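Colleague: Pasting the sequence and the predicted model now:
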Amino acid sequence: MNLYIGRGFDELSLGDEFETSLTLTEAHIVIGAGLFCDFNPLHVDEAFAATSRYGGRIAHGYLTSNAMAAPLGMLFHSTAIAYVEHHIRFTNPVRAGDTLGVKWTVTGLDAKPKIEGG
């Protein structure tokens, strides 16, 4: 990850872009299954998953979503109060060995003087 750690609201400008990537591994998927208590055979059983429409094991949607959101936690480490919402649509399965890329662009700044940020 190549992010600016601990940026505050007052350090952001419209158009700022932040990007990173993560290559998903078998370990991510196995640990994800345990963390999410989601042992669906599409995620943990290669023989079963091979007969599915995906043709093999796939990562959990939660894992993919969190991998995309996690950079915000690092970017605003110790400066953010809460990350309350994001929307995602899965268009393709994600597998071990795939590299996920994410790029966040600041499209608006909503100052909140009451909390000394935005």
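Modeller: Everything's here; your move.

Colleague: In space, what's closest to the most centrally placed residue in the chain - neighbours in sequence excluded?
Modeller: With distances taken as C-alpha atoms, centre = their mean, M68 lies nearest the centre of the chain, 2.0 Å away. Once flanking residues are discounted, M68 sits nearest to V102: 4.7 Å by C-beta to C-beta, 6 or more residues apart in numbering. (Each C-beta comes from the backbone N, C-alpha and C, glycine too.)

Colleague: by contact count, what packs against the helix or strand harbouring the one you found?
Modeller: V102 is located in strand 99-105, with elements delineated by DSSP states H and E. Secondary structure elements in contact with strand 99-105, counted by 3 or more C-beta pairs under 8 Å, 6 or more residues apart in numbering; DSSP states H and E, are strand 17-23, helix 61-75.

Colleague: Name the stretch among those that sits most buried.
Modeller: Using mean count of other C-beta atoms under 10 Å, the stretch among the helices and strands packed on strand 99-105 with the largest mean neighbour count is helix 61-75, at a mean of 16.
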